[in-house]
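**Q** pasting a predicted model and its sequence here:
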Amino acid sequence: CDWGAFSPSRFRRFLCSFLAHLRRHVCRRRFPTEGRDGRCGHVQRIPPPRRFLIFKLRHYRILEQFRCVFVAVFCLSILGVIIQSLYQFLVKAWKYIDPSPFVHGWPIEAVAEHLQAVCDGEIKRLLVNIPPRCSKSTITSVAFPAWVWAQEQISPTSGPGVQFLTASYAQQLSIRDSVKCRRLIESPWYQRLWGSRFGLTGDQNTKTRFDTTLGGSRLSTSVGSALTGEGGSIILVDDPNAAQEAFSEATIESTIEWWDGALSTRLNDPKTGAFIVIQQRLGEEDLTGHILSKSVGDWTHLCLPMRY
């Protein structure tokens, strides 16, 4: 479905004109008569009898009922497209996340498609390399958790009961994305569509962590932080290496040690949980290089290089 070319108002105008055309054909009849020359085939309109007026009224009511059904099915189909597609969800939710206009692009669609496969349980280990300023944090850390909670529980990584553990190289970046995600969930648009499914608890609703009424949670942390007692169904790492410290051997080693010794063991269920690592490449020894050198074959690697 090409959402950019799709117009609900155009469909509504087409539906109204189609029903009006049906009403004209139902409410008017043509009766064959015999012409002056005695040949049949001349057609003229004759006022219908009273019983046909009743027939017209019944069909008119049926058509009106059908119009209501068509509109209801149409609205449900739109809602289904939004729920089922992460990319379409991002397009509709963008104005509640960022004031700048949304720019369509196939790299964003590719990332959204892979994230959706994680939600469906088809991918357990996802590694994404994408250039900076390509909305990777908005897609992964802001829109993705809100979209997952809006889904039906078809897998351990979908539905409002999913627990997210998110991390970045800086705590303020993790908090920034956490606040944006919470604002999206509390927006009137999101509440109108999915507010009846779950809510945010009042006793645990802070910038760094907020929980759903159905057991889900979103915890924000940073590289190097202590994770004792914490875990998640989906562990999401957004930019684990800082660009300004790309050549710092001490920072690179501490990041790898934090990944191997702390974060890699934080899944609630290693058989059904999922890891998502998304970052820009900063060198051969960054976290992406470490993962590829240690776990080749276990990870789905999506690499989107910048081209000028």
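**A** Noted; the coordinates are in hand.
**Q** use CA for all of it now, contacts and neighbours both
**A** Fine.
**Q** sheet partners, orientation included, of the strand or helix carrying A167?
**A** Assigned by DSSP states H and E, A167 belongs to strand 163-168. Paired with strand 163-168 in the same sheet, following DSSP bridges, are strand 217-222 (parallel), strand 234-238 (parallel).
**Q** pick the most deeply packed of those.
**A** strand 234-238 (a mean of 26; mean count of other C-alpha atoms under 10 Å).
**Q** and the next element down the chain from that one?
**A** Counting by DSSP H and E, the next helix or strand C-terminal to strand 234-238 is helix 249-261.
**Q** give me the contacts around that next one.
**A** V223, G224, P240, N241, E245, A246, E285, D286, L287, H290 (C-alpha atoms under 8 Å, 6 or more residues apart in numbering).
**Q** was I right to think the third one contacts T166?
**A** No - the pair formed by P240 and T166 falls short of the contact definition of C-alpha atoms under 8 Å, at 10.6 Å.
**Q** looking at those two, which is more packed in?
**A** T166 (27 against 24; other C-alpha atoms under 10 Å).
**Q** and that one, what does it touch?
**A** So T166 contacts S141, S174, R218, L219, S220, T221, I235, L236, V237, D238 (C-alpha under 8 Å, 6+ apart).
**Q** sorry, back to before: S135: which of the contacts of helix 249-261 is nearest?
**A** Nearest to S135 among the contacts of helix 249-261: P240, at 15.9 Å, using C-alpha to C-alpha.
**Q** F144 versus that closest one, what's the distance?
**A** Counting by C-alpha to C-alpha, to the nearest Å, the separation of P240 from F144 is 18 Å.
**Q** repeat for H104
**A** For H104, the distance to F144 - C-alpha to C-alpha - is 17 Å.
**Q** what about those two, which has more around it?
**A** F144 (22 against 11).
**Q** for that one, give me its contacts.
**A** Neighbouring residues of F144 by C-alpha under 8 Å, 6+ apart: L86, L115.
**Q** any idea how far it lies from D260?
**A** According to C-alpha to C-alpha, F144 and D260 sit 25 Å apart.
**Q** same check, this time on I175
**A** Going from I175 to D260 by C-alpha to C-alpha gives 23 Å.
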